[in-house]
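Asks: just need the structure, nothing else, for what follows:
(2 chains)
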Amino acid sequence: MKQRNWASICRRTNRLALHGVLLMGAWVVVLPYLWMITTSLKPLKLTFSPPYLLPVWFQWENYRAAWEAAPFARYYLNSAIMAAAIAIGQVLGGAMAAYAFDRLNFRFKEPLFLLFLGTLMIPFHLQVIPSYLIIQRLGWLNTYAGLIIPRLISAFGVFLMRQFFRTIPRELDEAAMIDGCGRLCILFRILLPVARPAVTALGLFAFLFGWNDFLWPLIVTTDPNMQTIQVGLATFYGKYGTQWVYLMAGTVTSTLPVLGLFILAQRWIIEGVTMGSLKE
Amino acid sequence: MTERRTMARNREETVTALICLLPALLVFGLFNIYPALYAAWLSLVKWDGLSTVQIFVGFTNYRTLLADPEFWNSARVTLLYTIGVTVLGLAAGLTVALVLNQRLFGRTLYRAIYFTPVITASVAAGVVWSLLFDPISGMVNLTLKVIGLQGPDWLGDPKWALPAVTLVGIWKRLGFNMVIYLAGLQAIPREYDDAAKVDGASSWQRFRHITWPLLMPTTVLLAIMSVIDAFQAFDHIFVMTFGGPMGATDVLPLYLYRQGFRLFHLGYASAVGWVIFLLVFITTLLQWRFSRFGGWQRA
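Replies: The predicted structure is shown next:
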């Protein structure tokens, strides 16, 4: 009896220690978020006064001031358009290419697929200067086309979709074909709905990627009306780096949509990460 | 008759394939493959992007590069940053994954919290951490003061700037490593652990001789992904230090950006691009080699 008590105490302290470690780590992880929210809500004259970790003031006014100091609304719109377009493009384009690679037979299929996969190895930094020159020649600097089109398809997306299509039995296609469904009909009405986990994951990743992207928008946009939220925030930091209160209001604004999306779709994002990295 | 029909069918199949591949082919051709070839050409010329002539200079850009102490500094900084983020990021990710792999209250919440930085933009992270690293009113030094330490001027001191940006890199990478490690841990059958427990193995022995070897494929995969990612680190360093102070955080991508888009040495910058490519390429080859022998098909 006594021994069992001892074991249970042991287990309990052990568990407490684990929580201690986890909480300490979580603290470091959460600190920047807490801090940006608290600072963004401080009255301006208290910027550098003893830092409170939890907001005691709620100076919502700061947000309006920050939004007036820079065209944040416009940045928002541009980022939203870019991220949404990239998400839709990567899902549709990826699914179409994946369908061809998994379900159709044609010449040069294997080498073509290898070529696609090979592009995964090309770091973006190698392409950035030529891509800029191409966009410049096309007259797409400071346009949505310039922001979006180069990112419309990803090799990762093609690969992910193909991996998923492979797990869908071909009998499904054949049954649909007998019912008079053509090839594109099979892709859009049979395969895509069945592949919903992959579609959701890819769409979310592509959206996050588009929203968080920095180097490419930084290079192809100079007009503040065409800049995205990340470029806008970096510029804002360069200009108002010492006005922490407004700066943090801007940072919170830029991060909020992504955090919201994460809270809503946490499960699919985390599952998608595992799916994307470990499938085969 | 049937032959003609199959031929028609084949043609129809090829046409459908072409339609399906067209968007991907256009985008890849124009913005992936062509740029890579174009970069190869650019690295052989001297050009400021404005004048109409591109002067062919052969391998001069590469020769200049190899003789340029700034380039070697960048290569060294990139390597140190990569090692830091990979080794410490993997260790931290594994530690958290091991703890979270137990039945524990609030597991999902912890997992979500640790993962949040992964989806946070590096620019935003860079801005906030810059303020946290402020020598006087930053949270980092204020915390150190509580335990009686005088913190350095993190981003202003050549000795401390690289550790600071590396820390942010780890902060951002940890959650990803944790999630993949968790998946790896969950694929290990519990019976192994239980059997060892019956044999009286301590928890360290069980980790050392069962968990760690079985996790090897995951570790290799994560290490390689992390290395490739770290070679291309740019956003948060751009925001936090812009390569300074005195080149202490001047990673290769930032060096390329400055050469290409601030100084308009397009040829020279393209040569730097090929160096980054080479680094990524070698790492990918290593991955292929490891994956053939390690084999993580089980996942």
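
Asks: neighbours around the closest residue in space to residue B:280 that isn't next to it in sequence, how many?
Replies: In space, and not counting its chain neighbours, residue B:280 is closest to residue A:123: 4.9 Å by C-beta to C-beta, 6 or more residues apart in numbering or on different chains. Just so you know, the C-beta spots here come from the backbone N, C-alpha and C atoms, and that holds for glycine as well. For residue A:123, the count of nearby residues is 22 (other C-beta atoms under 10 Å in any protein chain shown).

Asks: my read: residue A:123 touches residue B:274, true?
Replies: No. Counting by C-beta atoms under 8 Å, residue A:123 stays clear of residue B:274, with 9.9 Å between them.

Asks: ok, the residue nearest to residue B:280 to residue A:215 distance?
Replies: 11 Å (C-beta to C-beta, to the nearest Å).

Asks: same check, this time on residue B:28
Replies: Residue B:28 sits 19 Å away from residue A:215, taking C-beta to C-beta as the criterion.

Asks: over to residue A:5?
Replies: From residue A:5 to residue A:215 the distance is 60 Å (C-beta to C-beta).

Asks: quick one: average pLDDT of the biggest helix by length in chain A?
Replies: Taking DSSP state H as the criterion, chain A has its longest helix at helix A:2-40. On average, the pLDDT along helix A:2-40 is 84.

Asks: same check, this time on stretch B:150-166
Replies: Stretch B:150-166 comes out at a mean pLDDT of 94.

Asks: and residue A:212, what does it touch?
Replies: Residues near residue A:212 by C-beta atoms under 8 Å, 6 or more residues apart in numbering or on different chains: A:230, A:258, B:119-123.

Asks: ok, the residue in the stretch 101-250 of chain B positioned nearest to chain A - how many residues close by?
Replies: At 3.9 Å from chain A, residue B:121 is the closest residue in the stretch 101-250 of chain B, using C-beta to the nearest C-beta. Neighbourhood size, residue B:121 [other C-beta under 10 Å]: 24.

Asks: I figured it hits residue A:253, correct?
Replies: No. Using C-beta under 8 Å, residue B:121 makes no contact with residue A:253, being 11.7 Å away.

Asks: between residue A:5 and residue A:215, point out the one with more neighbours.
Replies: More crowded of residue A:5 and residue A:215, by other C-beta under 10 Å: residue A:215, with 19 against 9.

Asks: nearest spatial neighbour of the more buried one, chain-adjacent residues omitted?
Replies: In this structure, residue A:215 finds its nearest non-sequential neighbour in residue B:234, 5.8 Å apart by C-beta to C-beta, 6+ apart.

Asks: list the contacts for that neighbour?
Replies: By C-beta under 8 Å, 6+ apart, the contact list for residue B:234 reads A:125, A:214-215, B:122, B:251, B:253-254, B:257.

Asks: domain-wise, how is chain B divided?
Replies: When chain B is parsed with automatic domain parsing, its domains come out as B:2-30, B:63-294.

Asks: same deal with chain A?
Replies: A:2-59, A:63-278.

Asks: if we can go back for a sec, the longest helix of chain A near chain B anywhere?
Replies: Yes. Using C-beta under 8 Å from any C-beta of the partner chain, helix A:2-40 reaches chain B at A:15, A:18-19, A:21-22, A:25-26, A:28-33, A:35-36, A:39.
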